[in-house]
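In: sequence and predicted structure below; questions after.
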Amino acid sequence: MIKPGVKFKDLFSLKNMRETTLLTAWKRQSRRDQSRRKNSRNCSIIDSSGTVEVIRKTGFIFPTAKNRNIRSNLSKDFFFASQYNKNTKGKTPNYNLEGSKMKKVFAMMLAATMSLSLAACGNSGQSTTTTTSPAATNPPAESSTQAPDPAPASGKSANDKLVVGFAQIGQESGWRDAETNDIQWYAARATDTVELHFADAQQKQENQIKAIRSFIEMGVDVIAFPPVVETGWEAVLTECQEAGIPVILVDRGIDANTDDSLYTTMIASDHVWAGEQAAIAMNDLLGGSGVVVELEGTVGASAAVQRKQGFDEYIAANCSGIEIVASQTGDFTRAQGKEVMESFLKTYDKIDGVFCHNDDMALGAIEAIKEAGLKPGEDIKIVGVDGVKGAFEAILAGEMNCTVECTPILANQIFDTAAKLKAGESVDKWIMSADEVYTADRVTADVVDGRAY
């Protein structure tokens, strides 16, 4: 479904005006941006239903249909275009704009278009230099007395905006959706200074690599992505390095044997620490003895590898009375978490605790335990990782015992770091997120209501 958004000030023409649908358009930028813009229009997100979101506007990708509640918070100078269905090749309206309302909107847009044309004529020949941070709330300052920036290196964007390419893993969990929403919402509020190109890889490494290569062709300033697995990144990261584009790893790392000079920095939690904290909590819940099973994340994902390392090593070294009898991947999804937990319950007569590498699998395990006639949180202690709202609700209901936070709210750190890298500043190799451990005594109704994800 096409849901492009364009800033009112960028509007230069209207096409296909209908009674129930507004189509938006964008003004042409300098010739040196045309190649990158062309590539941007071809970026797409394909979900499991076959619906395609094609982004026809440089600057940002607006949050997807399931996040429409966010739209009401945007300023009135945003308009949203018609929807396009890949299967029917037809258009369906986004909004009903009828009668006098339609006429008023149409008049406003025509007026803005004319004023932009006049402004463009009046500003012809002036050179400006913009210096802002991604989080700036005011438009970029202009100065006709400053010399223009030098021409960019081959393949790099000449845009004054911070141009970031983000290759997301997919939509495997509520945590991942929260991270995506945070990044897209940040960019939507900073279109004067930030230009975001976003791709959804549908949990496939080959799709992430393809997206990263498209970002290289566009000449973005910085590339950021959470690696779906630890290995297999050497070739594409070498291409980024050769193109002179800094790379930020987000919320996950890559294989320790990979040359770490191939990426610039990593913004992530300490997943080994998370596993250790989960082990400490499990030991306390079981009183130092019991039978435990483990629901692992995606095979080869650094978060899964390191959380398992932290949990297993702490139990082996400090909890002689606790036995981990089984460990199997649930692929970080609620459905597979439930399925694997059902298998564990059929295989083992006694299970005292389950450690889940993320909260979505923990919520799936809760369903399986209930269906087996047992009480989650009582008969079987449950510890997860991430700190999503669903886990907090389960803890408040007494069906889950602990979650180790791993915040997905990383947009500020990502864009601030990207701005520093574009400016040539140095940054730490690992920028660590600040996370906490939440047990039942810390979770109240106010805490749950205040949870952002």
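Out: Good, I have the coordinates. Numbers count the residues shown, from 1 in each chain.

In: mind listing the strands for the stretch 151-300 of the chain?
Out: Using DSSP state E, counting those that start in this stretch, the strands of the stretch 151-300 of the chain run over residues 162-168, 194-200, 222-225, 247-250, 265-268, 289-296.

In: help me confirm that A394 is found in a helix?
Out: Yes. Assigned with DSSP: H, G, I helix; E, B strand; the rest coil, A394 falls within a helix.

In: roughly how far apart are it and V427?
Out: To V427, A394 is 37 Å away according to Cβ to Cβ, to the nearest Å. Where C-beta positions appear, they are placed from N, C-alpha and C, glycine not excepted.

In: neighbour count for those two, which is higher?
Out: A394 (24 against 16; other Cβ atoms under 10 Å).

In: doesn't G364 make contact with the more buried one?
Out: No. A394 lies out of contact with G364 (Cβ atoms under 8 Å); the separation is 11.3 Å.

In: can I get the strands of the stretch 151-300 of the chain in TSV with mean pLDDT, distance to G450 and mean neighbour count?
Out: Listed next are the strands of the stretch 151-300 of the chain as TSV, based on pLDDT from 0 to 100; distance: least, Cβ to Cβ, whole Å; neighbours: other Cβ atoms under 10 Å:
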stretch	mean pLDDT	distance to G450	mean neighbour count
strand 162-168	97	26	26
strand 194-200	96	27	25
strand 222-225	98	28	26
strand 247-250	97	25	24
strand 265-268	96	24	22
strand 289-296	98	28	22
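
In: how about low-confidence regions in the stretch 51-200 of the chain?
Out: 51-159 (pLDDT under 70).

In: got TSV for the strands of the stretch 151-300 of the chain, with distance to Y438 too?
Out: Below are the strands of the stretch 151-300 of the chain laid out as TSV (distance: least, Cβ to Cβ, whole Å):
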stretch	distance to Y438
strand 162-168	26
strand 194-200	29
strand 222-225	28
strand 247-250	23
strand 265-268	19
strand 289-296	19
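
In: tell me which of these sits nearest to K308.
Out: Counting by Cβ to Cβ, K308 lies closest to strand 289-296 out of these; the figure is 5.9 Å.

In: the very next helix or strand once past that closest one: which residues count as buried?
Out: Scanning forward in sequence from strand 289-296 by DSSP states H and E, the next helix or strand is helix 302-318. Within helix 302-318, the residues scored as buried using 16 or more other Cβ atoms under 10 Å are S302, A303, A304, V305, Q306, R307, K308, G310, F311, D312, Y314, I315.

In: again, but for stretch 348-355
Out: I351, D352, G353, V354, F355.

In: so which of the residues you listed is the closest to I245?
Out: F355 (38.3 Å).

In: contacting residues around A274?
Out: With contacts defined as Cβ atoms under 8 Å, 6 or more residues apart in numbering, A274 is in contact with Q306, R307, G310, V385, V404, C406, D435.

In: closest to T329 among the residues you listed?
Out: Among those, and counting by Cβ to Cβ, the member closest to T329 is R307, at 12.1 Å.

In: could you report the separation of the nearest residue to that closest one once chain neighbours are set aside from K375?
Out: Once flanking residues are discounted, R307 sits nearest to G275: 4.2 Å by Cβ to Cβ, 6 or more residues apart in numbering. Applying Cβ to Cβ, the value for G275 to K375 is 26 Å.

In: between the two, point out the one with more neighbours.
Out: Set side by side, G275 and K375 show more neighbours around G275, with 28 against 11, by other Cβ under 10 Å.

In: wait, that one touches Q309, no?
Out: Yes. At 6.2 Å, G275 and Q309 qualify as touching, with contact defined as Cβ under 8 Å.

In: backbone dihedrals for S173, both of them.
Out: Here is the backbone geometry of S173 (degrees, to the nearest 10): phi -160, psi 170.

In: for it, give me its contacts.
Out: Contacts of S173 by Cβ under 8 Å, 6+ apart are F332, T333, R334, N358, D359, D360, D386, V388.

In: and the fifth one, what does it touch?
Out: When contacts are counted by Cβ under 8 Å, 6+ apart, D359 touches S173, G174, W175, G384, V385, D386, G387, V388, G390, A391, T403.

In: how far away is it from S433?
Out: From D359 to S433 the distance is 16 Å (Cβ to Cβ).

In: what residues are up against the spatially closest residue to V247 that is not a sequence neighbour?
Out: Closest residue to V247 apart from its sequence neighbours, by Cβ to Cβ, 6+ apart: Y263 at 4.4 Å. Applying Cβ under 8 Å, 6+ apart, we find Y263 in contact with L237, V247, I248, L249, I254.

In: could you do K350 as well?
Out: V291.
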